[in-house]
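Chemist: Fold the following, please.
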Amino acid sequence: KLNSNAFAYIHRDEFGYPMQIYAIPAYNATAVYDEYGYLHIKFMLKNGKNPIFPYKDLIHLRQDYNENDVFGDNPQNTIVDLMDIVATTDSGIKSAIKNGGLIKWLLKFKQQLKSDDLKKQAKSFVDDYLRPDDSGDSSIAAAIDNKADIEQIKPNDYVPNATQMEKTVTRIYNFFGTNEKIIQSKFNEDEWNAYYKAEIEPVAIQLQKEFTNKLFTIRERGCGNSIIFEETALQCASITTKLDLLQMVDRAAMTPNEWRKTFNLSPLPGGDEPIRRLDTALANDNRKEKNAKR
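Modeler: Residues are numbered from 1 along each chain as shown. Model prediction:
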């Protein structure tokens with residue numbers, strides 16, 4: 001999401017069979033072609049090393065594949081602009097909070113005083129009328145002579161508009177393809193399915209294609225070998241939806257153990273055999289019955 005690219009290295013044995021897969025947390029990746037025209041990727045790792053791996057040994061996920069022939073387009077410009085708005089808004093709120101606690105009273109003296117005398121008079125006013133003494137006794141009224149007028153400063157600091165802030169947050173959500181309900185785990189079954197289809201399933205499809213192409217040879221793929229990433233056991237289905245699957249069990253569309261798996265229950269002996277209610281029958285059986293009557 002942060003740079004539209006992700007890599008993992010496939011470690012193979014001496015016969016070329018995949019043994020292990022390592023994620024590559026790299027600062028930078030550069031396309032390099034050898035003398036035979038084969039693509040390699042040079043990485044700049046966090047430990048300071050710069051390994052070069054053949055592209056055929058790399059699991060490569062990419063998004064927003066547009067301008068570059070190898071890598072996905074970096075979303076930095078869009079993210080930086082959005083985060084600048086957030087940083088500016090936060091800075092405005094901090095300034096408003098700080099400014100709100102600075103000057104609350106203004107003493108206007110009717111005669112010219114030195115700077116030191118102004119400070120002494122202001123400190124004396126604060127000590128006498130704005131701060132309670134150690135005994136807890138404080139004055140609720142202030143009395144001064146005609147040498148100065150007192151004016152209370154009402155804070156009128158700028159606070160960013162709440163609607164404007166919400167729109168900025170919504171723009172960030174839209175960029176990452178998410179929403180408040182997903183972030184705060186308040187989604188229902190339909191909202192999760194929509195998010196899964198839009199954001200998670202495309203990555204799973206890309207993963208299964210990369211794993212299949214990089215882990216199997218052409219001959220192995222030709223024989224039907226493949227790796228599939230999928231959501232299992234209907235984890236996000238509601239209890240009502242899982243209970244409704246009982247109709248599929250009654251009609252032999254699911255086995256009892258497949259249905260129990262959706263509830264994370266252990267399998268039962270004989271539960272892998274499909275069953276059918278007595279008041280249901282195969283379509284072929286109905287035709288045979290009608291032909292017999294004729």
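
Chemist: For the lengthiest helix in the chain, the averaged confidence score.
Modeler: Longest helix of the chain, by residue count under DSSP state H: helix 76-99. Model confidence over helix 76-99, given as mean pLDDT, is 79.

Chemist: what packs against it?
Modeler: On a contact count with 3 or more CB pairs under 8 Å, 6 or more residues apart in numbering; DSSP states H and E, helix 76-99 meets helix 162-176. No exception for glycine: its C-beta is placed from N, CA and C like everyone else's.

Chemist: can you give me the helices in the stretch 1-150 of the chain?
Modeler: 76-99, 115-125 (DSSP state H, counting those that start in this stretch).

Chemist: ok, now the stretch 151-294 of the chain?
Modeler: Ranges of helices in the stretch 151-294 of the chain, per DSSP H, counting those that start in this stretch, are 162-176, 180-183, 189-195, 201-215, 218-222, 239-244, 246-250, 256-261, 283-293.

Chemist: Quick one, which of these gets closest to residue 70.
Modeler: Of all the helices of the stretch 151-294 of the chain, it is helix 201-215 that lies closest to residue 70, at 13.9 Å by CB to CB.

Chemist: Could you list the residues in contact with the closest one?
Modeler: 10, 18, 56-61, 221, 225-231 (CB atoms under 8 Å, 6 or more residues apart in numbering).

Chemist: Quick check: which ranges of this protein have low pLDDT?
Modeler: By pLDDT under 70, the low-scoring segments of the chain are 97-111, 113, 126, 128-160, 232-236, 280-294.

Chemist: circling back to that earlier point, so which of the helices of the stretch 151-294 of the chain is the most packed in?
Modeler: Burial of the helices of the stretch 151-294 of the chain is given as mean neighbour count (mean count of other CB atoms under 10 Å); helix 256-261 ranks first at a mean of 17.

Chemist: tell me, how many neighbours does residue 43 end up with?
Modeler: Counted with other CB atoms under 10 Å, the neighbours of residue 43 add up to 20.

Chemist: who's the nearest residue to it once chain neighbours are set aside bridged to?
Modeler: Leaving aside its sequence neighbours, residue 43 sits nearest to residue 26 (CB to CB, 6 or more residues apart in numbering; 4.1 Å). Taking DSSP bridges as the rule, residue 26 bridges to residue 45.

Chemist: Go ahead and confirm residue 26 touches residue 9.
Modeler: No - using CB atoms under 8 Å, residue 26 is not in contact with residue 9, being 10.3 Å away.

Chemist: how close does residue 62 sit to residue 3?
Modeler: Distance of residue 62 to residue 3, given as CB to CB, to the nearest Å: 10 Å.

Chemist: hey, what's in contact with both of those two?
Modeler: residue 72.
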